[in-house]
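J.: Sequence first, then the predicted structure, then my questions.
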Amino acid sequence: MDRDYIYYEFTNSLCNDCLKVIPAKIVFKDNKVYILKYCSKHGEQLELLEHDIEYYKHKRDFDKAGTITQTQTEVKNGCPYDCGICPNHDQHSCINLIEVTDKCNMCCNTCYASSGKGKDKSLDKLKEMIDFAADAEGGRGEVIQISGGEPTLHENIIEIIEHARSRFQFVMLNTNGIRIAEDENFVEQLSKFKGRFEIYLQFDSFKDEVYKTIRGRNLKELKQQAINNLAKYNIPVTLVMTLERGLNDDEIGKVITYGLETSNVRGVNIQPVAYFGRKNGNIDRSNRVTLTDTINLIEEQTK
């Protein structure tokens, strides 16, 4: 008997439960692309990668030579255990992300970092981390995202942004927007960074019931107030939509149209929900929203 899939290529992956590096196959099944992996302790695991086989193959046409970066760790235990960056790392960090705090004023069930209670990293340690990331890029990096937790809660967030701008060409502040909506003085402080700076704003929906499900509270009006405050001081925004099947996947076109019609919105980033952090449990990994799924929804909803 033939198997019910076509074997395409081999790779390594991580077990969903113990995070051990395990062998995996990329397979074509039912006109979709899956990763099929096996853990000696937790058994076989099948996860959907893409809805479109030809798209998956076509991505290889855009492969390029890696960009050399400064290395800091030895090759000792193999990927991903040597990461830091090791000499075998084949690409530089085009977007660096620094988590400045574990604290958050929300408790979203989709949070990959499981943020909430915690503490800030010290300003000295954060400057050291920013310098480290910039030095790995030859002294000046391209983009850095200041994240968390909720980074606007850090008592030194303005100084952190100032230092990041001195070492990177472009700085993004990842935020849920609560402080931006409620503290106009803070927004005015941020306005001094205009040029090479933007707000990377969590923006999932126009429906309170969606926010209630994903984020645990009604946020529709708060998101609009945050955008209004940023517009008042002409601070650019990218809207970041966490996409979940059957919840807000019918609003992609509306979010894109809103972004096009709103003067200070410079981009829309659509991120299919990731199944780790708090979003790891009794879920159907064979029916998640993929990139090709998202592209098709954009076409359908924006015509």
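T.: Cool, the structure landed. Numbers count the residues shown, from 1 in each chain.
J.: contacts and neighbour counts: CA atoms only from here.
T.: Will do.
J.: how close does the one residue sitting closest to the centre of the chain get to residue 233?
T.: With distances taken as Cα atoms, centre = their mean, the chain has residue 271 as the residue nearest its mean C-alpha position (6.8 Å). Using Cα to Cα, to the nearest Å, residue 271 is found at 27 Å from residue 233.
J.: Give the ranges of residues in the stretch 151-300 of the chain that sit below the confidence cut-off.
T.: 277-282 (pLDDT under 70).
J.: thinking again about what came up before, pull the contacting residues for the residue nearest to the centre of the chain.
T.: Taking Cα atoms under 8 Å, 6 or more residues apart in numbering, we find residue 271 in contact with 240, 241, 242, 243.
J.: let's see 10 Å
T.: 204, 240, 241, 242, 243, 244, 289, 290, 291, 294 (Cα atoms under 10 Å, 6 or more residues apart in numbering).
J.: and what of residue 230?
T.: With contact set as Cα under 10 Å, 6+ apart, residue 230 has these partners: 180-181, 184, 187-188, 190-191, 198-199, 224, 236-237, 264-265.
J.: Filter those residues down to the buried ones, ChimeraX style.
T.: To isolate the buried members of these in ChimeraX, using 16 or more other Cα atoms under 10 Å:
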select :180,181,184,187,188,190,191,198,199,236,237,264,265
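J.: Which ones among the contacts of residue 230 map onto helices?
T.: Using DSSP state H, the subset of the contacts of residue 230 located in helices is 180, 181, 184, 187, 188, 190, 224.
J.: and those as JSON lines, adding distance to residue 29?
T.: Shown next, in JSON lines, are the ones in helices among the contacts of residue 230 (distance: Cα to Cα, whole Å):
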{"residue": "180", "distance to residue 29": "46"}
{"residue": "181", "distance to residue 29": "47"}
{"residue": "184", "distance to residue 29": "52"}
{"residue": "187", "distance to residue 29": "50"}
{"residue": "188", "distance to residue 29": "53"}
{"residue": "190", "distance to residue 29": "49"}
{"residue": "224", "distance to residue 29": "43"}
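J.: count of residues packed around residue 290?
T.: Residues contacting residue 290 under the criterion other Cα atoms under 10 Å number 19.
J.: Would you mind measuring from it to residue 246?
T.: With Cα to Cα as the criterion, residue 290 and residue 246 are 13 Å apart.
J.: ok, now residue 195?
T.: 38 Å.
J.: Which of these two has more residues huddled nearby?
T.: residue 195 (12 against 8).
J.: Next up, the contacts around the more buried one.
T.: 169, 170, 171, 235, 236.
J.: Out of those, who's the most crowded?
T.: Within these, most neighbours by other Cα under 10 Å means residue 171, with 27 neighbours.
J.: from memory residue 40 sits against residue 22, does it?
T.: Yes: look at residue 40 against residue 22 with Cα atoms under 10 Å: they come within range, at 8.6 Å.
J.: Common neighbours of these two, please.
T.: Counting by Cα under 10 Å, 6+ apart, the common neighbours of residue 40 and residue 22 are residue 15.
J.: which of the two has more neighbours?
T.: Relative neighbour count places residue 22 above the other of residue 40 and residue 22, with 14 against 9, counting by other Cα under 10 Å.
J.: Where does the more buried one fall, secondary structure wise?
T.: Per DSSP states H and E, residue 22 falls inside strand 21-29.
J.: Mind giving me the packing neighbours of that strand?
T.: In terms of contacts (3 or more Cα pairs under 10 Å, 6 or more residues apart in numbering; DSSP states H and E), strand 21-29 is packed against strand 6-14, strand 32-39, strand 43-50, helix 53-58.
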